[in-house]
Structure formats: structure tokens, C-alpha cells
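In: Let's see this in three dimensions:
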Amino acid sequence: MRDLKHLIYFEDLLQEANNSLVREAQSEGRIAIGSVCSQMPEPLINLPGCFSVRLRAPRTGSMEMGTYYMSSLICECCRAWLERAIEGGLNFLDCIMAADTCAQMNRSVENIEHLNLIEKDNFFVSYSDVPMKCDETALRHYVRQMKAHVLEPLHEQFGIDVSDAALKEAVEEQNEISRLITALGEYRKEELPRITGYEFAVFCLATFCCPKDKMAGKLKETLEEVENRTPDEAGKYRARVLMAGSEVDDPEIIRIAEEAGALVVADRFCFGSLPGRQEIVLDESDGAEDVLTQICRWYMEKGQCPRFMDTEKITERHEYIDGLMKEYRAEGIIFQQMKFCDYWGYERAHASHVMREQYGYPVLSVDRPYNVGNSGQLRTRFQAFVESLEIKKINRERRGANE
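Out: Predicted structure coming up:
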């Protein structure tokens, strides 16, 4: 396919946490808020006057200092964040809003805080407890936590407007981006998709790492370009797969999969669009819940994080992937987990078994380092999985011919 004209621009944005759009927004006096988890509702940290940046450590090399402070048995992603902070790569942040979801993430942020690695005068870290169950009691707790540990500190420290009107404005800004990303993602459903999984991941990931209002124009142009794009001929990719699992904050892993012949048509991982870039629909009728409660309800009910441990949510995660497999016509599932990730460690083992044995899908289950680079081991695993999918397809066709 013809190269997308803005792809290199978005790839460049992902090369640094403190990228050009972040610097531009800060030059306008806006507050940069670091975020570590999808359970931190984005509209609350993208209110007028501020914007969110999901923590990443692009182009990570050594993690020696991060390992020194945290141990070699801690998730590499968390160690990489700390390493980057020690190097000074997060000095642009004005505060960090940490959801108490993953203990390892919080240990990383606590080290950043206690080592005074970010020396801005008003810099602070705030921790919020978020639900592990999906019910009304959990929702009330969630709302109280977001008020006390996100909205109130932002208003008191930086004078950010946290009114319902400001929240609605932030929701609409996010919804505009979500609609664009969703529209791009729809082209992955085609028999011959007009956008690759790698290209889509670059555009989607950037929306988590940059001020959203500053990329809408180029995303609109990209959507128009894809609408008129001629797809590759059949045969370039040998299988369609869904990728699920822990943080994918570097599209390189998707590039490796696609170079091995597995077109990634659906993304059910942290930093993915499903469900992270679905539209938040607010009820504005008389008697409706307040805006904050509606936002928290959306994140609680739509969230697919393995931190939700009630049986209904566990079953829902399996059904959600089953629905995506059918909707995107995927032939196999790749469950990937970053080494030492607590939640995805058990989720990958359990979900791989359930999706294979109960739902009948071919599954590849891998753990991986944070920085995949040009991992030969991953490439080999992906190639072998694609070959197994091809063999299964040939066998099905033979059985059909004999019946």
C-alpha cells in the first residue's frame, strides 16, 4: 500500500515522552499530567488547561538503576519508567496521577516521588484507589477517590476548572479522537484491510501520549487518506490475528508479528483501542447521574483489565474477546505478557486455556521483554504460529472437500 503521509510524523511523536506536541502545549501554559494506567479516567486529566501523558520509556536501553532501586523481579516497564526519570526524561511533568491498580507501577512512581527526580516547584504525586469489582458500592468508592485525589488536587494546585461543564468539554474532546480512531480501526475488518495493525497502533498510541486537540487535524486527514487507499493484494499476510495482553507502548511488537505474516486486526491490550478508544456517551436527561459518576461508571463497566477479579468480569473478558474475534474475522489469538506482570501473568495462563479449550480458538501465549527490538525469539514464535494457522486452514478445507 502507498505510505500514509502522516505516519512518520506520528512515529516521531512516539520517540520521546516529551515530544513536540507536549512541548507546544506546555509553552501555552498547560499542565502536563503523567498517568500510569487505563483505570485513570482520561477526561479527568484532560480538563481545560491540562493534558495527560501515559508514562512510557521509548528506546529503552539499560535498566540498571531502575533495577537497583526496584529489583530484577519487577516488571521491566516499571523499571524502565524509573530509569527514564533518573535520566531526566520525565522532568517535563507537572504532576503524576497514579491509580492504585498495579503495585509495581506504584512502586515505580513512589521511587520517582521519594527520590525527588522531578524538581518542579509545584510537582506532586497523587494516588487513587480504584475498584477490583464492578458494582454500585465500588462505583461510589471510585467517584469519591477521583474527587479527592484527582479533581480537588488539580483545582487546588493549578486552579483547573473541574465543573460539570469542564468535564463535558473534556469528554467531547476525547470522543472526537475516539471516533477518528474507531473509524480508522473499522478498515481492519475488511477482507483486504486498508490499514495495517502497525500503522493503526502508531496512530492509536499517540492519542494516549500527546495533547488530544493537537492531533485531531492530522488524524482526520489520515482517515480521508485511508478511505481512498488501495489495499495490498491478497497473499501479503497469511493470517488475521487478535493481539491481547499487557502494556504495548511500542508498536514494534506488532511490526514483528506482521513481518511474520500475522496481520493484527484487533487490539485488546493496554494502550489499545478496544475498549480504550470507544466513545463515552453521557446521559444529559433530567434525573441523570452527575458527569463524574457517569465517567467513572463507563470506565468501570467497559474496562477489561484483569485487575477486575469478580467472576462476572472474568467471564465478560472472555466473551469480549470472542466477540472481537468474530467481528474482525480473526483466525487466532496472540496473548502477550510483559515479564513479571502480576495481573497478566495469571490472566494470560487462564484466558489462553479458556479461549482454546472452551471457545476453540488457536492461541499463542508468550511472555516478552519491555523492549522487544528485533527479537529473534518472538519472530520465531510468531512465524510458527502463522504456520500452524495455515495448516489448520488446509485441514479444514480438506475435510470440507471430503464431506
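In: All the helices of the stretch 1-150 of the chain, in order from the start?
Out: Secondary structure of the stretch 1-150 of the chain (DSSP state H, counting those that start in this stretch): helices at 7-13, 20-27, 64-70, 76-87, 103-114, 136-146.
In: How about the first one, which residues are buried there?
Out: Okay, so that is helix 7-13. Within helix 7-13, the residues that count as buried by 16 or more other CB atoms under 10 Å are F10, E11, L13. In short, each C-beta sits where N, CA and C put it, glycine included.
In: okay, and for the stretch 101-250 of the chain, where does confidence drop off?
Out: Within the stretch 101-250 of the chain, not a single segment meets pLDDT under 70.
In: what's the span of stretch 30-43, first residue to last?
Out: 15 Å (CA to CA, to the nearest Å).
In: Show me how far that stretch is from its chain's centre.
Out: Chain-centre distance of stretch 30-43: 12 Å, with CA atoms, centre = their mean, to the nearest Å.
In: which of the residues in it are buried?
Out: Buried, per 16+ other CB under 10 Å, within stretch 30-43: 30-43.
In: Using JSON lines, lay out those residues together with pLDDT.
Out: JSON lines is the format used below for those (pLDDT from 0 to 100):
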{"residue": "R30", "pLDDT": "98"}
{"residue": "I31", "pLDDT": "98"}
{"residue": "A32", "pLDDT": "98"}
{"residue": "I33", "pLDDT": "98"}
{"residue": "G34", "pLDDT": "98"}
{"residue": "S35", "pLDDT": "97"}
{"residue": "V36", "pLDDT": "94"}
{"residue": "C37", "pLDDT": "93"}
{"residue": "S38", "pLDDT": "91"}
{"residue": "Q39", "pLDDT": "93"}
{"residue": "M40", "pLDDT": "96"}
{"residue": "P41", "pLDDT": "97"}
{"residue": "E42", "pLDDT": "98"}
{"residue": "P43", "pLDDT": "98"}
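In: Distance to E258 for these - can I get that in CSV?
Out: Shown next, in CSV, are these (distance: CB to CB, whole Å):
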residue, distance to E258
R30, 36
I31, 37
A32, 33
I33, 33
G34, 31
S35, 28
V36, 28
C37, 27
S38, 24
Q39, 29
M40, 30
P41, 32
E42, 28
P43, 32
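In: quick one: which two of those residues are the most distant?
Out: Pairwise distances across the buried residues of stretch 30-43 (CB to CB) peak at 23.5 Å, for the pair R30 and Q39.
In: Could you dump the helices of the stretch 1-150 of the chain into JSON lines and include distance to E327?
Out: Output for these, formatted as JSON lines (distance: least, CB to CB, whole Å):
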{"stretch": "helix 7-13", "distance to E327": "25"}
{"stretch": "helix 20-27", "distance to E327": "32"}
{"stretch": "helix 64-70", "distance to E327": "39"}
{"stretch": "helix 76-87", "distance to E327": "29"}
{"stretch": "helix 103-114", "distance to E327": "31"}
{"stretch": "helix 136-146", "distance to E327": "28"}
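In: right, so of those, which gets closest to Q337?
Out: Minimum separation from Q337 across those (CB to CB) falls at helix 76-87, 11.1 Å.
In: Give me the residues contacting the closest one.
Out: Applying CB atoms under 8 Å, 6 or more residues apart in numbering, the external contacts of helix 76-87 come out as 17, 36, 55-57, 60, 62-67, 69-70, 90, 102, 104-105, 107-109, 111-112, 115, 117-118, 246-247, 249, 338-341, 369-371.
In: For it, give the mean pLDDT please.
Out: Throughout helix 76-87, pLDDT has a mean value of 96.
In: CA atoms only for that helix, dumped as CSV, please.
Out: C-alpha atoms of helix 76-87 as CSV (Å, rounded to 0.1, in the frame of the first residue of the first chain):
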residue,chain,number,x,y,z
GLU,A,76,10.5,-4.2,33.1
CYS,A,77,8.0,-1.5,32.1
CYS,A,78,8.0,-0.1,35.7
ARG,A,79,11.8,-0.3,35.9
ALA,A,80,12.1,1.5,32.6
TRP,A,81,9.9,4.4,33.8
LEU,A,82,12.2,4.8,36.8
GLU,A,83,15.3,4.6,34.7
ARG,A,84,14.0,7.3,32.4
ALA,A,85,13.1,9.5,35.3
ILE,A,86,16.6,9.1,36.8
GLU,A,87,17.9,10.1,33.3
